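Participant: only geometry, no sequence info:
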């Protein structure tokens with residue numbers, strides 16, 4: 001999908017003396033897993049004009065020029081007293097430097113870890129910084145006496161929320177957001193955003209579910225009428241529902257009895273991006289992740305997580321031909337703590353060489369650890385194909401853990417109910433999908449027509465399927481219906497295990513459909529479909545799609561049908 005709209009800044013008052021400036025892009029900005037739905041995004045900034053003026057969360061360098069232009073048209077930028085930062089990353093440096101050039105008197109307001117990051121990012125030790133640890137406030141006048149709540153997590157250890165009692169607006173930065181761009185400032189008709197918010201949570205928050213629960217507890221006593229988010233629509237109409245949903249989604253992670261310790265450090269953000277993609281793959285398979293940024297974690301925290309976890313994965317950049325010191329310390333803790341019966345994984349990014357990954361892999365091999373996936377080495381920034389590979393590696397790692405647990409053996413005789421459920425039959429199909437450079441496929445038998453007008457169908461997709469990422473609202477796919485008597489070859493091909501990122505269509509006769517997804521030319525018929533909605537059903541997603549186009553390829557054939565004896569497995 002392409003967009004012709006240029007980037008812009010949408011400005012609107014949202015409360016007393018309070019304005020939102022939404023820097024908007026309808027195209028995808030970054031190759032990070034949380035942006036993978038490619039619906040654009042907004043970078044939301046806020047200006048509070050009391051007796052003193054505070055700017056909250058200016059956007060990244062993508063928007064620096066148009067943001068400052070929009071500011072200067074409506075406000076006196078030179079008069080800004082404070083810039084409040086929910087978190088600090090390298091992407092914001094250009095905007096912060098530009099603001100300092102116009103208003104050198106600015107005092108930055110952030111958490112203590114944020115202050116350390118800010119001085120390093122701006123290479124300036126003379127900055128005026130107010131550090132907020134949770135007890136201090138900042139009085140802007142006119143009743144805007146701001147309160148600050150640190151809400152750190154491993155990916156954003158400097159995370160800070162801001163609350164204005166005057167307007168009862170909570171500035172949440174990363175919490176409660178969504179990467180979606182549109183004209184709506186608030187979330188009226190919020191059900192339409194539910195899927196995007198859930199995806200955002202699964203990518204960014206699920207690996208830190210324990211810390212997210214702690215943050216929600218800290219914020220629970222505040223009388224809030226609006227979440228002023230860092231990305232996407234502001235939360236006003238679904239305030240209660242979204243807060244409950246965050247509790248529920250977090251509980252799905254923290255209640256898991258199997259966890260993976262995901263330990264990493266990231267010099268420029270690339271290794272953290274890989275970590276997020278791997279974590280996404282693990283959590284979608286029903287295994288919890290204990291994400292640990294070893295640059296800020298205490299040794300005892302690393303030790304406790306490794307002891308508890310059923311497996312561990314270590315990610316490292318390469319700096320000067322070596323792994324950074326925090327990673328070397330963490331590796332020592334792992335080697336002295338984790339049984340070599342626990343599966344391991346290694347990944348990392350690098351600029352010129354990848355010695356850190358080789359070092360970690362070699363130490364673990366010498367200690368007798370087995371690996372849940374081949375070590376991942378990524379040069380410079382990851383792309384969509386790399387993120388897909390990382391996500392699939394995480395899923396493979398989690399699936400191996402689930403199999404090793406053997407919670408229930410399928411050799412046990414099926415109950416009468418399970419036998420009866422197994423008598424529900426389905427046509428044998430292959431679902432294929434392609435989005436940009438990423439493609440995938442799966443064998444499916446839980447398929448059913450769902451409507452006449454418009455023609456529609458449902459497909460049940462297990463949460464841990466690689467294809468699941470391509471089956472959200474707005475995505476396109478092809479349903480290839482297999483032919484009885486000519487289905488064994490295709491069935492065996494798509495049932496075999498694929499390595500992370502492996503091309504599913506090698507040695508398969510296929511051609512692109514009008515929607516870009518592969519048509520299997522040996523199929524009985526195919527249907528080109530558009531996903532309209534999906535519903536969470538236990539360990540599956542039930543995807544409803546409209547049929548846009550279709551053709552019978554073999555008029556003499558009949559549909560291959562899957563017969564089962566038990567309803568406990570395919």
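Facilitator: On my side now, so go ahead. Predicted model, so just to flag it, every value in this text is computed and none were measured.
Participant: surely residue 428 meets residue 486?
Facilitator: No - counting by C-beta atoms under 8 Å, residue 428 sits too far from residue 486 to count as a contact (10.9 Å). In this view, the C-beta of every residue, glycine as well, is placed from N, C-alpha and C.
Participant: okay, and the common contacts of these two?
Facilitator: Counting by C-beta atoms under 8 Å, 6 or more residues apart in numbering, no residue touches both residue 428 and residue 486.
Participant: Compare neighbour counts for those two and give me the winner.
Facilitator: Shown here are residue 428 and residue 486; by other C-beta atoms under 10 Å, residue 428 has more neighbours (22 against 14).
Participant: Next, count neighbours for the closest residue to that one other than its chain neighbours.
Facilitator: Leaving out its chain neighbours, the residue that sits closest to residue 428 by C-beta to C-beta, 6 or more residues apart in numbering is residue 560, at 4.1 Å. A count of neighbours around residue 560, defined by other C-beta under 10 Å, yields 21.
Participant: Show the pLDDT at residue 560.
Facilitator: What the model reports as pLDDT for residue 560 is 96.
Participant: now residue 2
Facilitator: 41.
Participant: Which of the helices or strands spans residue 70?
Facilitator: helix 64-74 (DSSP states H and E).
Participant: who does the helix or strand just after that helix pair up with?
Facilitator: Sequence-wise, the next helix or strand downstream of helix 64-74 (DSSP H and E) is strand 82-84. With DSSP bridges as the test, strand 82-84 is paired with strand 53-56 (parallel), strand 107-110 (parallel).
Participant: What about residue 415, how many residues nearby?
Facilitator: Neighbour tally, residue 415, other C-beta under 10 Å: 12.
Participant: I'd like the distance from stretch 239-256 to the chain centre, please.
Facilitator: Remark: stretch 239-256 is offset 16 Å from the chain centroid, using C-alpha atoms, centre = their mean, to the nearest Å.
Participant: Report the buried residues of the top helix by length along the chain.
Facilitator: Under DSSP state H, the helix in the chain containing the largest number of residues is helix 384-405. If you call a residue buried by 16 or more other C-beta atoms under 10 Å, then helix 384-405 has these buried ones: 384, 386-401.
Participant: could you say what helices and strands it packs with?
Facilitator: Other elements packing on helix 384-405 under the criterion 3 or more C-beta pairs under 8 Å, 6 or more residues apart in numbering; DSSP states H and E are strand 259-264, helix 270-284, strand 311-315, strand 344-350, strand 376-379, strand 438-444.
Participant: same thing but at 7 Å, please
Facilitator: helix 270-284, strand 311-315, strand 376-379, strand 438-444 (3 or more C-beta pairs under 7 Å, 6 or more residues apart in numbering; DSSP states H and E).
Participant: Need the contact partners of that helix.
Facilitator: 31, 33, 36, 258, 260, 274, 277-282, 284-285, 287, 310-311, 313, 343, 345, 372-373, 376, 378, 436-438, 464, 466, 469, 500-501 (C-beta atoms under 7 Å, 6 or more residues apart in numbering).
Participant: Selecting buried members of those in PyMOL, what would you type?
Facilitator: Command for PyMOL that selects the buried part of those, burial taken from 16+ other C-beta under 10 Å:
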select buried, resi 31+33+36+258+260+274+277+278+279+280+281+282+284+285+287+310+311+313+343+345+372+373+376+378+438+464+466+469+500+501
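Participant: Check residue 91 and give its pLDDT.
Facilitator: Note on residue 91: pLDDT of 89.
Participant: what does the one 4 residues further on give?
Facilitator: With respect to pLDDT, residue 95 has a value of 97.
Participant: got it, and the one 4 residues further on?
Facilitator: According to the predicted model, the pLDDT of residue 99 comes to 96.
Participant: so when I look at it, I'm seeing a strand, right?
Facilitator: No - using DSSP: H, G, I helix; E, B strand; the rest coil, the assignment for residue 99 is helix, not a strand.
Participant: neighbours of it, just the number please.
Facilitator: 21.
Participant: if I look at the closest residue to residue 147 other than its chain neighbours, how far off is residue 223?
Facilitator: In space, and not counting its chain neighbours, residue 147 is closest to residue 163: 4.5 Å by C-beta to C-beta, 6+ apart. Per C-beta to C-beta, to the nearest Å, residue 163 is found 9 Å from residue 223.
Participant: And these two? Which one has more around it.
Facilitator: Taking neighbours as other C-beta under 10 Å, residue 163 and residue 223 compare with residue 163 leading, 22 against 8.
Participant: which SS state does the more buried one fall under?
Facilitator: Going by three-state DSSP: residue 163 is strand.
Participant: which residue packs closest to the most centrally placed residue in the chain, ignoring adjacent ones?
Facilitator: Note on the chain: the residue nearest the mean C-alpha position is residue 203, at 1.8 Å, using C-alpha atoms, centre = their mean. In space, and not counting its chain neighbours, residue 203 is closest to residue 34: 3.9 Å by C-beta to C-beta, 6+ apart.
Participant: same check, this time on residue 421
Facilitator: Spatial nearest neighbour of residue 421, excluding adjacent residues (C-beta to C-beta, 6+ apart): residue 567 at 2.6 Å.
Participant: list the contacts for the one you found?
Facilitator: Residue 567 touches 418, 421-422, counting by C-beta under 7 Å, 6+ apart.
Participant: could you measure it against residue 541, distance?
Facilitator: 18 Å.
Participant: which residues does residue 350 bridge with?
Facilitator: According to DSSP bridges, beta-bridge pairing links residue 350 with residue 379.
Participant: Surely it and residue 379 touch.
Facilitator: Yes - applying C-beta atoms under 7 Å as the test, residue 350 and residue 379 come out as touching, 6.1 Å apart.
Participant: Confirm for me that residue 458 is in contact with residue 542.
Facilitator: Yes - proximity of residue 458 to residue 542 meets the contact threshold set by C-beta under 7 Å, at 5.7 Å.
Participant: Residue 307: neighbouring residues, count only.
Facilitator: Neighbours around residue 307, by other C-beta under 10 Å: 12.
Participant: quick one: residue 561 and residue 447, what's the gap?
Facilitator: 11 Å.
Participant: buried residues in the helix or strand hosting residue 305?
Facilitator: Assigned by DSSP H and E, residue 305 belongs to helix 299-308. Neighbour-count burial for helix 299-308 flags 302-303, 305-306 (criterion: 16+ other C-beta under 10 Å).
Participant: hmm, back to that, nearest to residue 89 among the helices and strands packed on helix 384-405 would be which one?
Facilitator: helix 270-284 (9.7 Å; C-beta to C-beta).
Participant: Tell me the helices and strands packed up against that closest one.
Facilitator: Checked by 3+ C-beta pairs under 7 Å, 6+ apart, helix 270-284 has strand 259-264, strand 288-293, strand 311-315, strand 344-350, strand 376-379, helix 384-405 packed alongside it.
Participant: What helices and strands are in contact with the third one?
Facilitator: Right, strand 311-315. Looks like strand 311-315 contacts strand 259-264, helix 270-284, helix 325-337, strand 344-350, helix 384-405 (3+ C-beta pairs under 7 Å, 6+ apart).
Participant: Repeat the analysis, applying 10 Å as the threshold.
Facilitator: strand 259-264, helix 270-284, strand 288-293, helix 299-308, helix 325-337, strand 344-350, helix 355-366, helix 384-405 (3 or more C-beta pairs under 10 Å, 6 or more residues apart in numbering; DSSP states H and E).
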